[in-house]
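Asker: this is a predicted model, with the sequence first.
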Amino acid sequence: MKAEGKKRIWQEYQKEIANDDYYYVRSCVRQNFFPGAETAFLNILRKDLGKNIFENEHHTSCSGIGYHCDIIPLATTMTVVARQFSIMSESGYKNLVPSCITSFGLYTEILDTWHHFPEEEEKTREFLWKATKREFKKPENLSHASDVMYKFRKEIAEKSKYSLIDKETGRPLRVVEHIGCHYAKMFPSKGIGGAEYPNVLSGLVEEFGAEVIDYPERRHCCGFGFRQYLVKANRGYSLACSHKKFESMEPYQPDMIITNCPGCPMFLDRWQYTIKEMNGKTYGANGNGIPVFTFEEVTGLMLGYDPWEIGLQMHQIDVEPVLDKIGIQYNKSEKYHLE
Amino acid sequence: MASLYEQLMKDVRMQEGLNSCMSCGTCTAICPAASFYKYEPRSIAMKVQSQNEETLKDLLKSEEIWYCGECMSCKTRCPRGNAPGLIIMALRSLSQDLGYFMESEKGRQQLFLKRTIGQWLIDHGYCLYLKGIGTDLYPEQGPVWDWIQANYDKLFAKLGANYQKEGIGILRKIPESSINELKNIYQITGAMDRLEKIENLAQQFADKQNGEQDNNQEKYFHKIYEETDINHFRV
């Protein structure tokens, strides 16, 4: 194919990401499992990139996990989301940046439903008014937090203290990138690179010097499956999905995994521990697992943030082998020090 | 009284999720649930588009509508633009509205989700609220989770959280006015009705199953959380 044709096709897989003045909504999962990642994201935007990002204390869960566990009806979730929009409008913002992929997918889905079924939007407006006396404007730009990191990847790489390169051999680190299903599988045009060629994480880590691994089960779900993980009787589903991915990526000897969904890093981290407990198998070098990171953690590390200040001690799989390979300076004995 | 098919088609997700299925099986090939459970999303689409009332009634009472993980991988690949995942969500909604979910082991698990995720949403405004939820319920969280639980306050403060305090920040206390707004939304839009229905039907079921002993509710709760019929699985 001629380069011009390729360029035209690729253009369809790009999305507009606002340049500044963001309104941030937090993730229930990330706040509980990777709180340091959200702190790092805000610091990177404000301190390293000089951007304005605002948070309002009145925003809540989007109710997405309840909705995907089917205990919360669609009409309720639409109205909760409308309330989130209302608080954003009230705060004077129009560029919505969710930390969570489930939220991002849900906002995308609801905006699409309202576009095709305006009567649903009308009904939601009535519900919201009746319940809260609120009105709302829809966001002008909706970008996941990882989209925003991607947008500034070149600027971040220029400011970075480290690269994703083995300091001893000069070899690029081999990275598995795992995209949350609800980022683009439902609405491919809303993700960078669509659902088949998502570039949001691969573009970021390549800018940091890494080599991205393409492996057969690259796009398979981590296995959260909402009710499939949360109810213990169903949990084998979740483990089986992650196991399938580990077996598939193993021959490529990944140094690390990077994710943009809040749940995926937790599952890919904890299920490696579980598999080791169940049958003794590990997937990383020297009997360690493959360290799993969020995109905020990786970006923070590149910029020189202290691993224990961004919460890497909350991972079950030790991250030190990757830190050492990159040559990151940190204090090993500080890992569990909290005074 | 509207037919089951008519009731189902009132859900906007049916209009978004089912154009016409030609049973090519692409969704089934890509589906994580289909590789684990005895489940085929294409069979769900075929049953629904049959519009047969008996078939639909059986489906709404079945185990198979509870196998999907709602990852929506099916949506990406369907050559007809269908989304079996959305059909599943509409079926689960109607199954709960009609009380049919109580007729399957997987459907009865809704009680656990209601008492955890549902209650956290109502009480705190978060889907998850995990302080105090330990490795007894989630053993795969591992030793690191035990350490996190034992050092929660200091660790979360170090990482910039504002746990249960006023103002902005990680796991802050959501203002009471906002919690009240959420409760009003849940009341007006039908969430409270669904949550109450799940609780009431479970209570009746537990009483019937265990007799009205003191701890029958607790026994029932643990049973639905932990026990599974082996026949759900492919292997």
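Answerer: Yep, that arrived.

Asker: indicate the residue of the stretch 201-339 of chain A located nearest to chain B.
Answerer: residue A:225 (2.6 Å; CB to the nearest CB). C-beta: built from backbone N, CA, C; applies to glycine.

Asker: does that residue really touch residue B:71, like I thought?
Answerer: Yes - judged on CB atoms under 8 Å, residue A:225 makes contact with residue B:71 at a distance of 6.7 Å.

Asker: helix or strand with the lowest mean pLDDT in chain A?
Answerer: When the helices and strands of chain A are scored by mean pLDDT, DSSP states H and E, helix A:3-11 comes last with a mean of 79.

Asker: could you do chain B as well?
Answerer: helix B:216-226 (a mean of 89).

Asker: please name the nearest non-neighbouring residue to whichever residue of chain B sits closest to chain A.
Answerer: Closest to chain A within chain B is residue B:69: 2.6 Å, counting by CB to the nearest CB. Excluding its sequence neighbours, the residue lying closest to residue B:69 (CB to CB, 6 or more residues apart in numbering or on different chains) is residue A:225, at 2.6 Å.

Asker: next: residue A:302.
Answerer: residue A:160 is the one closest to residue A:302 (CB to CB, 6+ apart), at 4.1 Å.

Asker: same check on residue A:26?
Answerer: In space, residue A:26 is closest to residue A:99, 5.3 Å off (CB to CB, 6+ apart).

Asker: circling back to that earlier point, any idea of the pLDDT on the residue nearest to residue A:302?
Answerer: Predicted confidence (pLDDT) for residue A:160: 98.

Asker: how about residue B:131?
Answerer: pLDDT, residue B:131: 82.

Asker: what residues are up against it?
Answerer: Contacts here follow CB atoms under 8 Å, 6 or more residues apart in numbering or on different chains; on that basis residue B:131 touches B:149, B:152, B:163.

Asker: make a ChimeraX selection of whichever of those turn out to be buried.
Answerer: Selecting only the buried entries of the contacts of residue B:131 in ChimeraX, with 16 or more other CB atoms under 10 Å in any protein chain shown as the criterion:
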select /B:149,163
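
Asker: who touches the helix or strand residue A:130 falls within?
Answerer: Following DSSP states H and E, one finds residue A:130 within helix A:118-132. Residues from elsewhere that reach helix A:118-132 (CB under 8 Å, 6+ apart): A:75, A:78-79, A:82-83, A:86, A:113-114, A:134-136, B:12, B:181, B:184-185, B:187-189.

Asker: beyond that helix, next helix or strand please.
Answerer: Using DSSP H and E, the helix or strand that follows helix A:118-132 towards the C-terminus is strand A:141-142.

Asker: residues from the stretch 151-300 of chain A in reach of chain B?
Answerer: A:181-182, A:185-186, A:188, A:195-196, A:219-221, A:223-228, A:230-237, A:239-241, A:244, A:270-271, A:273-274 (CB under 8 Å from any CB of the partner chain).

Asker: out of these, which are buried?
Answerer: By 16+ other CB under 10 Å, these give A:181-182, A:185-186, A:188, A:195, A:219-221, A:223-228, A:230-237, A:239-241, A:244, A:270-271, A:273-274 as buried.

Asker: okay, stretch A:187-198 in CSV with CA atoms only?
Answerer: Extracted in CSV, the C-alpha atoms of stretch A:187-198 (Å, rounded to 0.1, in the frame of the first residue of the first chain):
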residue,chain,number,x,y,z
PHE,A,187,-16.4,2.2,20.1
PRO,A,188,-13.1,1.7,18.2
SER,A,189,-13.2,5.3,16.8
LYS,A,190,-12.9,6.7,20.4
GLY,A,191,-9.6,5.0,21.1
ILE,A,192,-6.2,5.9,19.6
GLY,A,193,-5.6,3.3,17.0
GLY,A,194,-9.0,1.7,17.4
ALA,A,195,-9.7,-1.7,18.8
GLU,A,196,-7.4,-3.7,16.5
TYR,A,197,-4.3,-1.5,16.6
PRO,A,198,-4.5,0.5,19.8
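
Asker: buried set for that stretch?
Answerer: Those would be A:187, A:188, A:190, A:191, A:192, A:193, A:194, A:195, A:198, for stretch A:187-198 by 16+ other CB under 10 Å.

Asker: tell me the secondary structure at the fifth one.
Answerer: Of the three states, residue A:192 takes coil according to DSSP: H, G, I helix; E, B strand; the rest coil.

Asker: quick check: it touching residue A:203?
Answerer: Yes - contact status for residue A:192 versus residue A:203: in contact at 7.1 Å, counting by CB under 8 Å.

Asker: who touches both of those two?
Answerer: By CB under 8 Å, 6+ apart, the residues touching both residue A:192 and residue A:203 are residue A:150.

Asker: how many residues are close by residue 6?
Answerer: Using chain A here. As a burial measure, residue A:6 scores 10 neighbours (other CB atoms under 10 Å in any protein chain shown).

Asker: wrong chain, I was asking about chain B
Answerer: With other CB under 10 Å as criterion, residue B:6 counts 10.

Asker: how about the one helix or strand it maps to: buried residues?
Answerer: Here residue B:6 sits within helix B:4-9, counting by DSSP H and E. Using 16+ other CB under 10 Å as the test for burial, helix B:4-9 gives B:4, B:5, B:7, B:8, B:9.

Asker: show me which parts of the lengthiest helix in chain B are buried, residue by residue.
Answerer: Counting by DSSP state H, the longest helix found in chain B is helix B:191-210. Across helix B:191-210, burial judged by 16+ other CB under 10 Å covers B:191, B:192, B:194, B:195, B:197, B:198, B:201, B:202, B:205, B:206.

Asker: now do stretch B:45-54
Answerer: Residues B:45, B:47, B:48, B:49 are the ones in stretch B:45-54 that count as buried (16+ other CB under 10 Å).

Asker: reformat those residues as CSV; add secondary structure, distance to residue B:102 and pLDDT.
Answerer: Output for the buried residues of stretch B:45-54, formatted as CSV (DSSP: H, G, I helix; E, B strand; the rest coil; distance: CB to CB, whole Å; pLDDT from 0 to 100):
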residue, secondary structure, distance to residue B:102, pLDDT
B:45, helix, 25, 97
B:47, helix, 20, 98
B:48, helix, 21, 98
B:49, helix, 26, 96
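
Asker: out of those residues, which are close to chain A?
Answerer: Okay, of those, nothing touches chain A (CB under 8 Å from any CB).
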